[in-house]
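>>> Fold the following for me, if possible:
(4 chains)
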2 protein chains.
Amino acid sequence: MLRLSKLTDYATVLLGYMARHRAEIHAAVEIARATRIALPTVSKLLKLLARSGVVRSIRGAKGGYCLSSPPDKISVADIIQAIEGPIALTECSISDEYCEQSANCEIRGNWRVINKAMRTALESVSLADLAFATKPSAPLEFKVSVESLSRG
Amino acid sequence: MLRLSKLTDYATVLLGYMARHRAEIHAAVEIARATRIALPTVSKLLKLLARSGVVRSIRGAKGGYCLSSPPDKISVADIIQAIEGPIALTECSISDEYCEQSANCEIRGNWRVINKAMRTALESVSLADLAFATKPSAPLEFKVSVESLSRG
DNA sequence: TGAAATAGGACTAAACTAGTCCTCTAAATT
DNA sequence: AATTTAGAGGACTAGTTTAGTCCTATTTCA
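Okay, here's the model as predicted:
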């Protein structure tokens, strides 16, 4: 239903914690305790996030994870992509398969534009926005402007 | 993966056909033939679209379906909602359940803003945009601006 | 060397999706 | 009135995906 997976939701929670306690190395167990997300799940998520470079892992005793960039340099799009793969609303926006019908492809060409806009929108919101900007005095601002995209 | 369902994709194809042949009543069989989507699937989709008022149904012999408004008055958001239900990236943006942790809820409060922005974005693109605006001379324009939303 | 961590991947149950099919109801035609 | 055409509504199924767990290997510290 145009829904993010639960795991991505968890990932933002867990990265939010890391953002609020930056410059420290956090073991998976610690993050699990702090966020009350089950340890195996936290582990899995951190591994995914590490693989795509959102967090850095330090192996061995006293190891753990830390954010690989400051929270305002990590976008929501980065997080989603780390957990769910490429952001694309429609199938053929990723895999450029043969479209049986030109009429359909017209439609899908335009879907591609919408996809692009979505991605841009999600790229414009940072982990810092998610993790910190919750004071009533500082509402999250959000602006996207995607114009005159030619389809390709 | 933040993906629309195949069915929604089909729905846009089939509504695109209807948009391009407006002012006519189309039986499900006809639409199925024209779009090369299997009849039972087309039926199912049209029923869903009828239920939420995107198309109007005419029962009985010589019956069929037609768009209930002009293509530029039907938004992509309408179509998605008809097929997939409410547009909300995160779970608790719909069902306002109890959040175990205030830290988590901060994050989720901000998700709500992003959801809103997404919805606004999808509301700003019409079926007409999808179905017609594919000429290289007329690229699909797309502009969203969501600012200073205070969280609810 | 032993303990503490992550890496990587296998595995499972539950949920969802896509797609089909069946019966019922409504309207038009004859 | 009977017949035919077409939608309404919902049940059902196979296949896929998601969420979550667990196991084994590897790395690092002490």
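>>> Any idea which residue of chain A lies closest to DNA strand D?
Nearest residue of chain A to DNA strand D: A:G60, at 2.1 Å (CB to the nearest atom of the strand). Using the backbone N, CA and C atoms, a C-beta is placed for each residue, glycine as well.
>>> That residue and B:I25, how far apart?
From A:G60 across to B:I25, the span is 70 Å (CB to CB, to the nearest Å).
>>> now A:P86
Per CB to CB, A:P86 is found 40 Å from B:I25.
>>> Equivalent analysis for A:I80, please.
Noted for A:I80: a distance of 42 Å to B:I25, by CB to CB.
>>> which of these two has more neighbours?
Taking neighbours as other CB atoms under 10 Å in any protein chain shown, A:I80 and B:I25 compare with A:I80 leading, 23 against 14.
>>> looking at it, the more buried one is touching A:A121, isn't it?
No: counting by CB atoms under 8 Å, A:I80 stays clear of A:A121, with 11.3 Å between them.
>>> need the contact list for A:L14.
A:I31, A:T35, A:I37, A:V42, A:L45, A:L46 (CB atoms under 8 Å, 6 or more residues apart in numbering or on different chains).
>>> hmm, try it at 7 Å
With contacts defined as CB atoms under 7 Å, 6 or more residues apart in numbering or on different chains, the neighbours of A:L14 are A:I31, A:T35, A:I37, A:V42, A:L45.
>>> Relative to B:P71, which of the residues you listed is nearest.
Distances from B:P71 to the contacts of A:L14, taken as CB to CB, are shortest for A:L45 (42.2 Å).
>>> Quick one: neighbours of that closest one, just the number.
Look at A:L45: counted by other CB under 10 Å, it has 25 neighbours.
>>> Ok, the one 10 residues further on next?
Around A:V55 sit 25 other residues, with neighbours defined as other CB under 10 Å.
>>> Quick check: which element contains the residue nearest in space to the middle of chain A?
Geometric centre of chain A, nearest residue: A:I79, 2.0 Å, by CA atoms, centre = their mean. For A:I79, the element it lies in under DSSP states H and E is helix A:76-84.
>>> Check what pLDDT A:G53 gets.
A:G53 carries a pLDDT value of 97.
>>> ugh, wrong one, I meant A:I114
79.
>>> What's the local residue count around the closest residue to it other than its chain neighbours?
Excluding the flanking residues, the one nearest A:I114 by CB to CB, 6 or more residues apart in numbering or on different chains is B:V125, at 5.9 Å. By the criterion of other CB under 10 Å, B:V125 has 23 neighbours.
>>> can I assume B:V125 is in contact with A:K116?
No: counting by CB atoms under 7 Å, B:V125 does not reach A:K116; the two are 11.9 Å apart.
>>> Brilliant, that's me finished.
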